[in-house]
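Student: Give me coordinates for this.
(chains A and B)
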Amino acid sequence: MASYYDDGRRPLRTWAVSVLSTIAGSALSLLPFVAQSAVWPAFGLLVALGWRMLRPEMWGAWVALPLGLIDDLIGGAPLGTSAALWTITFLAMDLADHRRVWRDLAVDWQLAAVAILFVTAGAWAIAVFSGGAGPLWTVAPQALLGALLFPAAMRVCAALDRWRLGKGAATTF
Amino acid sequence: MPPPRHRDRGFSRRISNGLFFGYVGAVAGIVAAIALVLVARFDPVAFQGIRGLALDLTAPFSGVTRGVVRGADDIADRTSGYFAAGSQNSDLKAQLAEARRALIEAKVTSLENARLKRLLGLVEQGGKPIATARIVGSSLSGQRRYATLSAGGGEGVRAGQPVRSAEGLVGRIAEAGHGWSRVELLTDGASTVPVRLLRTGQPALVAGRGDGGLEVRSTQSGAQPFHRGDILVTSGTGGVFPPDLPVAVVTASNGEVATARPLADAARLDFALVLPEAVSAPPPPVGGR
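Tutor: Numbering: from 1, shown residues only, chains lettered A, B, ... in the order given. Next up is the predicted model:
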């Protein structure tokens, strides 16, 4: 990742904002409510996907690994759940980028929706495998809500991106 | 917009090496993460240290904001009460609702009374609680039903200990950090509690369904069917849970299988008690060692 833009000056803000905002998204699950089923979308994933769609060249796929691990630690999921699923998703995104000839919001949204469904179903499967979880339908609201909220997450990322880069945000990194 | 050309290798060896090792790292990471999942499957208490540390670092956030949320609840209640006072109609409705609630409470109290009468003399068996703590939050987007408790290893809380509130059993400790711990609620898909029916004394198992409900299965063949409103209390069989803690009330019955609702609603709890693990006689040693 660094090799591509390594011109000797990458201020802290340019890379820390994206990482910290993803961690903040994961930390949204710390809000002090006690839920009886998983309705809260995985905001950490939404923000990570938002950055991935907005700046495809910014992160290598491996960045999803530590971010997912932090998401696991914050959310209390079996360690490795998000780390594996997010990294697989990011690798798949790279493959998709190689193949597609056009990108706009609709295509990004579709890809993100598939990714969110995959990660939610995968997290459910791992929870079943490693102890116990409810029936599959209990995670459907979470996945749907996540897919619907994705453009909002992308807007948040875009606003942070403009602040992160300051002037001339559209063309420089 | 054309797709990004960022993954073009171009002619720079440095860039293509960077991309290559990035992918190698990602794939190796996936393998390592899957290994972690396997560890979690076969040794659920692994990595308690790092998980407890993460819990200690993140839980205070829930602890602080919990007060704000409860305060906001109170303000909302008071505001709506102020507006309702303007109209006698809603005032009367509120009174009616209050009366209904009181009626239900009276019914519960009479049940509780009957239960306490039966339990008199058995209370001495329960050990002293290890810690009294606040429930501050839960894993909102996770698949497991965990709640966060403001007591941890520093107070003597260990994984496996049962947790109760004034209303009844809440769950058991899944993992403990130094100052905070996670409670596996009764409704978690992995939770199973041996209980008995208060009415008949017949043994049953209460298992979490993961969707907020509980499933009750009789462990007797040809047992009497459950009735709606039946109270289930822990039987104490097999240790861990002390006997005679109220657990759940049956909401719908389908013969030998019934659905139930926990008596202690984790979403409305403020305080919970951590109890010592009930010890049962150890099983006789199997020969050979």
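
Student: show me the residues around B:Phe241 that make contact.
Tutor: By C-beta atoms under 8 Å, 6 or more residues apart in numbering or on different chains, the contact set of B:Phe241 is B:162, B:169, B:172, B:193-194, B:234, B:278. For glycine as for every other residue, the C-beta is placed from the backbone atoms N, C-alpha and C.

Student: List, one by one, the residues from the stretch 151-289 of chain B near chain A.
Tutor: Within the stretch 151-289 of chain B, the residues that sit near chain A (C-beta under 8 Å from any C-beta of the partner chain) are B:175, B:182, B:187-191, B:208-212, B:266-267, B:269.

Student: hmm, 7 Å instead?
Tutor: Proximity of the stretch 151-289 of chain B to chain A (C-beta under 7 Å from any C-beta of the partner chain) is limited to residues B:182, B:187-190, B:209-212, B:266-267.

Student: Turn the contacts of B:Phe241 into JSON lines, columns for secondary structure and neighbour count.
Tutor: Shown next, in JSON lines, are these (DSSP: H, G, I helix; E, B strand; the rest coil; neighbours: other C-beta atoms under 10 Å in any protein chain shown):
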{"residue": "B:Pro162", "secondary structure": "strand", "neighbour count": "22"}
{"residue": "B:Leu169", "secondary structure": "strand", "neighbour count": "29"}
{"residue": "B:Arg172", "secondary structure": "strand", "neighbour count": "23"}
{"residue": "B:Val193", "secondary structure": "strand", "neighbour count": "26"}
{"residue": "B:Pro194", "secondary structure": "strand", "neighbour count": "19"}
{"residue": "B:Thr234", "secondary structure": "strand", "neighbour count": "23"}
{"residue": "B:Ala278", "secondary structure": "strand", "neighbour count": "19"}
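
Student: nearest to B:Arg101, of these?
Tutor: Nearest to B:Arg101 among the contacts of B:Phe241: B:Leu169, at 23.2 Å, using C-beta to C-beta.

Student: Need the nearest residue in space to the residue in chain A positioned nearest to chain B, chain neighbours excluded.
Tutor: With C-beta to the nearest C-beta, the shortest gap between chain A and chain B falls at A:Gly134, namely 2.4 Å. Leaving aside its sequence neighbours, A:Gly134 sits nearest to B:Gly210 (C-beta to C-beta, 6 or more residues apart in numbering or on different chains; 2.4 Å).

Student: doesn't A:Ala133 make contact with the one you found?
Tutor: Yes - proximity of B:Gly210 to A:Ala133 meets the contact threshold set by C-beta atoms under 7 Å, at 5.1 Å.

Student: intersection of neighbour lists for those two?
Tutor: Applying C-beta atoms under 7 Å, 6 or more residues apart in numbering or on different chains, one finds that B:Gly210 and A:Ala133 are jointly contacted by B:Gly189.

Student: quick one: low-confidence parts of the stretch 1-150 of chain B?
Tutor: Along the stretch 1-150 of chain B, the model assigns pLDDT under 70 to residues B:1-10, B:67, B:69-87, B:120-127.

Student: Next: chain A.
Tutor: In chain A (pLDDT under 70), the answer is A:1-10, A:36, A:167-173.

Student: Identify the residues contacting the residue of the stretch 101-250 of chain B found nearest chain A.
Tutor: Nearest to chain A, among the residues of the stretch 101-250 of chain B, is B:Gly210, at 2.4 Å (C-beta to the nearest C-beta). Contact analysis of B:Gly210 by C-beta under 7 Å, 6+ apart lists A:132-135, A:138, B:145, B:187-189.

Student: so it, which of the three states?
Tutor: The three-state assignment at B:Gly210 reads coil, by DSSP: H, G, I helix; E, B strand; the rest coil.

Student: quick one, phi/psi of it?
Tutor: The phi/psi pair for B:Gly210 (degrees, to the nearest 10) reads phi 80, psi 0.

Student: So the residue of chain A closest to chain B is in contact with B:Asp211, correct?
Tutor: Yes - between A:Gly134 and B:Asp211 there is a contact at 4.3 Å, judged by C-beta under 7 Å.

Student: intersection of neighbour lists for these two?
Tutor: Both A:Gly134 and B:Asp211 are contacted by A:Ser37, under the criterion C-beta under 7 Å, 6+ apart.

Student: re the thing from before, include pLDDT when you put the residues of the stretch 151-289 of chain B next to chain A into CSV, please.
Tutor: Listed next are those as CSV, based on pLDDT from 0 to 100:
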residue, pLDDT
B:Arg182, 89
B:Thr187, 87
B:Asp188, 86
B:Gly189, 84
B:Ala190, 84
B:Arg209, 86
B:Gly210, 80
B:Asp211, 80
B:Gly212, 80
B:Ala266, 77
B:Ala267, 75
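
Student: Tell me the gap between stretch A:132-149 and the middle of its chain.
Tutor: Centre-to-centre, stretch A:132-149 and its host chain are 16 Å apart (C-alpha atoms, centre = their mean, to the nearest Å).

Student: Can you tell me what sits against it?
Tutor: Looking at what lies outside stretch A:132-149 - C-beta under 7 Å, 6+ apart - the contacts are A:37-42, A:46, A:113, A:116-117, A:120, A:124, A:127, B:141, B:143-144, B:188-190, B:209-211.

Student: Please, a ChimeraX command that selects the buried ones among these?
Tutor: Provided next is the ChimeraX selection string for whichever of the contacts of stretch A:132-149 are buried by 16 or more other C-beta atoms under 10 Å in any protein chain shown:
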select /A:37,38,40,41,42,46,113,116,117,120,124,127 /B:141,143,144,188,189,190,209,210,211
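
Student: can you map out the strands along the stretch 1-150 of chain B?
Tutor: Ranges of strands in the stretch 1-150 of chain B, per DSSP state E, counting those that start in this stretch, are B:131-138, B:146-149.

Student: what's downstream of the last one, the next helix or strand?
Tutor: Read it as strand B:146-149. strand B:162-164 (DSSP states H and E).

Student: That following strand pairs with which strands, and in what direction?
Tutor: Using DSSP bridges, the strands paired with strand B:162-164 are strand B:169-176 (antiparallel), strand B:271-274 (antiparallel).

Student: got JSON lines for the ones you listed, with mean pLDDT too?
Tutor: Shown next, in JSON lines, are the strands paired with strand B:162-164 (pLDDT from 0 to 100):
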{"stretch": "strand B:169-176", "mean pLDDT": "90"}
{"stretch": "strand B:271-274", "mean pLDDT": "88"}
